[in-house]
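**Student:** coords please:
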Amino acid sequence: MNTEMLTETERRRCEAKLHRLLSWVGTEIPTEIHLGCGDIPLRDTIYNFLVKDRLTEEDEGQIHRLLQNLEERELMDEKKLKYAPLTKKEAEGLCLELAGLLRAIMDLRDVEAPRQQRSLKKRGKHHKVEDVKRWTSYLKELKE
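**Tutor:** You can find the predicted model right below:
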């Protein structure tokens with residue numbers, strides 16, 4: 001059993017590796033994860049959202065809540081990596097878990113993106129209508 005403790009240099013190297021662009025690419029999403037809301041079959045859950053043609057409002061709510069829980073877990077694990085006394089083996093496991101969480105978060109954000117784009121389009125149309133109303137009002141004032 002390896003009980004050698006993680007050095008500060010190794011800790012910083014692991015943190016930097018996790019924050020590098022696309023560090024999670026090629027990492028598998030954890031099969032299952034325990035969050036505050038219970039055990040979740042994470043890989044299957046995300047896959048089911050990815051293959052759906054259309055998401056219901058309930059699906060969107062679940063995605064949003066799952067994203068929040070995963071992001072909270074990711075922050076908690078990052079603090080643990082940064083501050084907790086860890087053996088090299090524990091740190092390696094934690095880094096793998098963090099990479100898997102980042103992958104899951106990115107995949108869920110990809111699922112959520114079309115909904116956000118629709119929302120932005122709606123807001124854009126609303127702003128265009130408001131702009132037209134303001135210009136019309138302004139032109140009326142100029143005529144008077």
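
**Student:** Could you check which helix or strand contains the one residue sitting closest to the centre of the chain?
**Tutor:** Among the residues of the chain, Ile105 comes closest to the average C-alpha position under Cα atoms, centre = their mean, at 3.2 Å. Assigned by DSSP states H and E, Ile105 falls within helix 88-143.

**Student:** What mean pLDDT does that helix get?
**Tutor:** The predicted model assigns helix 88-143 a mean pLDDT of 74.

**Student:** returning to that earlier point: now the residue lying closest to the residue nearest to the centre of the chain once chain neighbours are set aside: how far from Lys80?
**Tutor:** Take Ile105 and drop its neighbours on the chain: the residue closest to it by Cβ to Cβ, 6 or more residues apart in numbering is Leu70, 5.2 Å away. In this view, the C-beta of every residue, glycine as well, is placed from N, C-alpha and C. Distance, Leu70 to Lys80, by Cβ to Cβ, to the nearest Å: 15 Å.

**Student:** So between these two, which is more surrounded?
**Tutor:** Between Leu70 and Lys80, Leu70 has the larger neighbour count (other Cβ atoms under 10 Å), namely 22 against 15.
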